[in-house]
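Novice: Fold the following, please.
(one chain, ligands or ions: 1)
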Amino acid sequence: MSFLRFIRGFANTQKNKIEILKFADKDGAYRRLPSQFRNAISREPNAEFPPDLNRYHLYVSFACPWAHRALPVSVVHWHMDDNGWRFPTKEELSGLKNGDISVGTAEPNYGFERLKELYFKANPEYNGRFTVPVLWDKQKETIVSNESAEIIRMLNSEFNDLLPADYAQVDLYPENLRSRIDEINDLVYDNINNGVYKTGFATSQEVYEKEVKNVFAHLDKVEQIFKTNQDKNHNDKFLTGTTLTEADVRLFTTIVRFDPVYVQHFKCNIGMIRHQYPYINDWLRLLYWKIPAFKDSTNFEHIKKHYTKSHKAINPHGITPVGPIPDIVVLGAGGVGKSSVTVQFVQGVYVESYDPTIEDSYRKSIEVDGRACDLEILDTAGVAQFTAMRELYIKSGKGFLLVYSVTDENSLTELLALREQVLRIKDSENVPMVLIGNKSDLDDDRVLSIDDGIKVSQQWGSVPFYETSAMYKTNVDEAFIDVVRQIMLKEAQISAEKKQQKELQKQQALEGDKGAAVNGAGIDSESVLKRNRQSTASKKSKSHSKCCTIV
Ligand SMILES: Nc1nc2c(ncn2[C@@H]2O[C@H](COP(=O)(O)OP(=O)(O)OP(=O)(O)O)[C@@H](O)[C@H]2O)c(=O)[nH]1
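Specialist: Residues are numbered from 1 along each chain as shown. Prediction:
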């Protein structure tokens with residue numbers, strides 16, 4: 001490509017400038033433009049793009065649900081600005097360990113800084129959007145396709161002759177299921193995959209309301225598909241039955257982003273997957289936890305940051321929300337029983353099977369000391385991959401359940417660092433907290449005694465300690481109620497202190513006015529605060545107020 005052609009192409013695109021961050025048309029509706037590169041890799045003789053090892057390169061974003069359908073090879077940075085997707089800068093990449101792609105990867109073929117440079121290399125006159133995925137032909141130096149639905153099909157079938165048999169036999173678009181897959185894809189594409197965008201990018205109330213209702217009407221339909229399948233046969237967990245297909249892949253990329261992003265960022269907030277759609281939620285967890293490719297290609301950090309920090313029209317200050325704001329945060333190593341304890345407290349059932357948590361929030365209304373409390377409880381992930389989110393939860397949480405398992409010594413050791421983290425983030429030694437030694441029913445496997453727990457509780461300044469069994473619901477309610485009481489007490493103290501400070505200021509102002517200094521015999525703020533605490537505590541114990549708003 002000559003420099004002149006490049007300049008001409010660039011000038012052309014400036015003339016018909018596409019505003020990358022402006023989405024809706026004049027009538028307030030968002031219309032997705034068709035992808036422009038629509039060639040195909042094909043095993044047919046004399047195909048323009050024959051399958052070949054090492055000839056093609058795939059550019060994707062962890063954030064983009066369209067790129068997420070295909071296998072990542074080069075990953076752009078999560079941030080998109082007026083010039084579209086970019087690759088991470090040298091500074092962003094420096095200091096990262098080999099194989100760490102948390103900020104994306106450098107552009108390996110030309111050292112480009114921007115994805116759009118690939119588009120102009122393929123066609124200097126290109127005037128469309130610069131989207132991912134991009135399937136690049138290194139030999140012809142052009143884009144084969146930037147249409148995710150077509151790329152996924154090419155990858156599914158056209159390289160089979162070159163792949164080891166166990167990979168080649170994976171077929172996401174099997175002949176006997178094609179019509180059902182196409183039918184589901186039609187329903188999901190326009191109404192769910194693209195439906196969330198049409199909702200989020202709408203610029204009129206009327207269009208927004210129409211689109212958001214449409215998204216949820218179709219989630220209801222998908223929920224029904226799963227339910228009907230499983231009513232027929234318990235093992236029919238996928239959209240078309242017992243087989244994982246392309247239809248599942250295409251739905252997954254939207255559903256995994258739904259609760260963390262689309263609910264608030266695209267205002268798809270009629271409901272959440274985890275609360276309103278039990279069948280879809282089970283399917284999501286099955287894919288994420290049991291089929292490594294789904295988890296390995298999902299990066300929640302890229303997903304959350306991309307949307308919230310790239311769409312200026314929707315979120316001008318680029319603030320990434322923390323929420324939902326939990327009151328009680330359940331922390332601890334993987335597999336100690338955090339979910340089991342939480343579900344036992346909230347729903348009164350015991351979860352037998354181990355299904356590692358991504359992050360689940362629960363609501364429960366209880367009465368503590370005659371006061372009604374609405375609790376938001378966050379069951380966090382013990383798995384290291386999600387610990388980056390922990391800081392955020394700790395910041396917003398009011399009380400903490402620190403859980404270890406009496407069958408696992410390391411899980412107690414891990415809590416020491418977790419408690420330090422809580423105190424550091426809260427910048428206080430006075431944080432509502434309980435220590436829980438779970439699985440107390442497993443006498444034969446126990447490696448930690450009650451005394452081990454008591455010792456740690458004493459080292460922590462007599463933090464209340466409970467040995468629990470989620471299985472038998474032993475001490476579960478007691479532990480939660482204890483932390484709620486501590487939260488209530490702390491809130492009462494804080495509001496009393498505030499009130500007292502105000503009174504002090506008033507009094508000082510008054511005395512200042514009088515011009516009289518009260519030396520020594522006057523008010524000692526510490527003793528006043530102490531007195532006040534005592535009186536608040538005694539008032540509180542008499543109080544039978546019907547509502548304590550913890551949220
Ligand atoms: N015997 C017994 N087993 C338990 C108890 N609590 C949890 N389990 C089992 O321990 C396993 C892990 O429990 P989870 O509640 O999923 O553990 P978690 O801490 O939430 O795990 P992550 O999601 O990985 O952080 C499951 O198989 C549970 O059935 C208990 O009190 N007694």
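Novice: residues near E491, how many?
Specialist: E491 has 15 neighbours, counted by other CB atoms under 10 Å. For the C-beta atoms, the positions are set from N, CA and C on the backbone; glycine is no exception.
Novice: so where does it fall, helix or strand?
Specialist: helix 476-514 (DSSP states H and E).
Novice: from the chain's centre, how far out does that helix sit?
Specialist: On the basis of CA atoms, centre = their mean, to the nearest Å, helix 476-514 is displaced by 35 Å from the centre of the chain it belongs to.
Novice: do the same with stretch 39-46
Specialist: Distance, centroid of stretch 39-46 to centroid of chain: 39 Å (CA atoms, centre = their mean).
Novice: Show me the helices in the stretch 301-450 of the chain, by range?
Specialist: 338-347, 390-396, 409-426, 450-459 (DSSP state H, counting those that start in this stretch).
Novice: which stretches of the protein have low pLDDT?
Specialist: Under the criterion of pLDDT under 70, the regions of the chain flagged as low confidence span 1-25, 32-35, 63-73, 322-326, 353-359, 382-389, 512-551.
Novice: can you pull out the strands in it?
Specialist: 56-60, 74-75, 80-81, 84-85, 134-137, 142-145, 328-332, 360-368, 371-379, 399-405, 433-438, 465-467, 547-548 (DSSP state E).
Novice: domain parsing for this structure?
Specialist: Per the TED database, the domain ranges recorded for the chain read 56-161, 175-310, 328-488.
Novice: So what would you say the end-to-end distance of the last one is?
Specialist: Spelled out, it's domain 328-488. 12 Å (CA to CA, to the nearest Å).
Novice: burial count for the closest residue to V170 other than its chain neighbours?
Specialist: Spatial nearest neighbour of V170, excluding adjacent residues (CB to CB, 6 or more residues apart in numbering): N156 at 7.9 Å. N156 has 18 neighbours, counted by other CB under 10 Å.
Novice: so N156 makes contact with L172?
Specialist: Yes: here N156 reaches L172: they are 4.9 Å apart, a contact under CB atoms under 8 Å.
Novice: Mutual contacts of those two, please.
Specialist: E246 (CB atoms under 8 Å, 6 or more residues apart in numbering).
Novice: Number of residues surrounding K295?
Specialist: If we define neighbours as other CB under 10 Å, then K295 has 17 of them.
Novice: distance of it from S94?
Specialist: 28 Å (CB to CB, to the nearest Å).
Novice: With K498 instead?
Specialist: Taking CB to CB, one finds K498 at 46 Å from S94.
Novice: who's in contact with the residue nearest to V170?
Specialist: Applying CB under 8 Å, 6+ apart, the residues near N156 are 170-173, 246.
Novice: Check D296 too.
Specialist: Per CB under 8 Å, 6+ apart, neighbours of D296: none.
Novice: number of nearby residues for the residue in the stretch 151-300 of the chain that the ligand sits nearest to?
Specialist: Of all residues in the stretch 151-300 of the chain, the one sitting closest to the ligand is W289 (9.4 Å; CB to the nearest ligand atom). The burial count assigned to W289 is 16, neighbours taken as other CB under 10 Å.
Novice: May I ask you to confirm that it is in contact with T298?
Specialist: No: using CB under 8 Å, W289 is not in contact with T298, being 11.0 Å away.
Novice: For the helix holding E491, enumerate the helices and strands it packs against.
Specialist: Under the contact definition 3 or more CB pairs under 8 Å, 6 or more residues apart in numbering; DSSP states H and E, helix 476-514 sits against strand 328-332, helix 338-347, strand 360-368, strand 371-379, strand 399-405, strand 433-438, strand 465-467, helix 525-542.
Novice: do it and the ligand meet?
Specialist: No: if you take CB under 6 Å from any ligand atom as the test, helix 476-514 misses the ligand, and the best it gets is 8.7 Å.
Novice: Now that helix: buried residues?
Specialist: Going by neighbour count (16 or more other CB atoms under 10 Å), the buried part of helix 476-514 is 476, 479-488, 490, 492-493, 496-497, 500.
Novice: just stretch 54-61 next, same as before
Specialist: 56-61.
Novice: Kindly report the same for stretch 404-414.
Specialist: Buried residues in stretch 404-414 (16+ other CB under 10 Å): 404-408, 411-412, 414.
Novice: what's the burial count for S297?
Specialist: S297 - counted by other CB under 10 Å - has 19 other residues nearby.
Novice: so it touches F62, yeah?
Specialist: Yes: under the criterion of CB under 8 Å, S297 makes contact with F62 at 7.3 Å.
Novice: Let me know how buried the residue in the stretch 1-150 of the chain that the ligand sits nearest to is, in neighbour terms.
Specialist: With CB to the nearest ligand atom, the shortest gap between the stretch 1-150 of the chain and the ligand falls at S102, namely 21.3 Å. Look at S102: counted by other CB under 10 Å, it has 15 neighbours.
Novice: Check L442 too.
Specialist: 14.
Novice: Give me the phi and psi for A202.
Specialist: Dihedral angles of A202 (phi, psi; degrees, to the nearest 10) stand at phi -60, psi 140.
Novice: How about the contacts made by the closest residue to it other than its chain neighbours?
Specialist: Leaving aside its chain neighbours, A202 sits nearest to Y208 (4.0 Å; criterion: CB to CB, 6+ apart). The contact partners of Y208, taken as CB under 8 Å, 6+ apart, are 28, 199, 202, 267.
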